[in-house]
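Q: Structure of the sequence below:
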Amino acid sequence: MAAAGVRRGTVVPVDGDGEETGGPGPAARRRWATAASGPTGRAVLGGVLVATAAVGVVAATTGGEAATTPVVVAAVALAPGTPLGPDVLDVVRNAVPDELRDATFTDPTALTGTVSRGALAPGE
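A: The predicted structure follows:
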């Protein structure tokens, strides 16, 4: 046990029960006085960094790739009012949020006979 006011790393004489003896004597042993406290800020930061690294390794090894779905996009630049069909459209795999999945097309023939409402760049 460290006596009050004793700096960490100071050697103090103690008896067999760990109590300070007040001075050297035949039964006195020397022990390092240590602070009975929790981890230091540096140790906590080290633990956080190790945990973050572990999460990064797991994410990197599990692929981390988002699920993709087929989506119809413009194959070429289209002006407003251009008739749509398989000749000007492509199908690509893309990550689509669940709330937009019902508003996308997966088959270019489903758009045959319709026209673009606005200008479209390739891939849009």
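
Q: going forward, measure contacts and count neighbours with C-alpha atoms only.
A: Will do.

Q: where exactly do the helices run in the protein?
A: Using DSSP state H, the helices of the chain run over 41-61.

Q: Report the contact partners of residue 123.
A: Residues near residue 123 by CA atoms under 8 Å, 6 or more residues apart in numbering: 73-76.

Q: Can you give me the separation between it and residue 53?
A: As judged by CA to CA, to the nearest Å, residue 123 and residue 53 stand 36 Å apart.

Q: Over to residue 41?
A: 18 Å.

Q: Likewise for residue 116?
A: The gap separating residue 116 from residue 53 is 48 Å, by CA to CA.

Q: Give me the more crowded residue out of those two.
A: Comparing residue 116 with residue 53 by other CA atoms under 10 Å, the one with more neighbours is residue 116, at 15 against 12.

Q: Widest-spaced pair of the contacts of residue 123?
A: 73 and 76 (9.0 Å; CA to CA).

Q: Would you map the strands across the protein?
A: Here the chain has its strands, by DSSP state E, at 11-14, 29-32, 69-74, 89-94.

Q: what about the chain, any weak spots by pLDDT?
A: Residue ranges of the chain with pLDDT under 70: 1-37, 62-66.

Q: Tell me the buried residues within the contacts of residue 123.
A: 73-75 (16 or more other CA atoms under 10 Å).

Q: Tabulate the residues you listed (CSV), appending distance to residue 86.
A: Shown next, in CSV, are the buried ones among the contacts of residue 123 (distance: CA to CA, whole Å):
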residue, distance to residue 86
73, 10
74, 10
75, 9
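
Q: Out of these, which comes closest to residue 105?
A: residue 73 (8.7 Å).

Q: Surely the closest one touches residue 94?
A: No. Using CA atoms under 8 Å, residue 73 makes no contact with residue 94, being 10.2 Å away.
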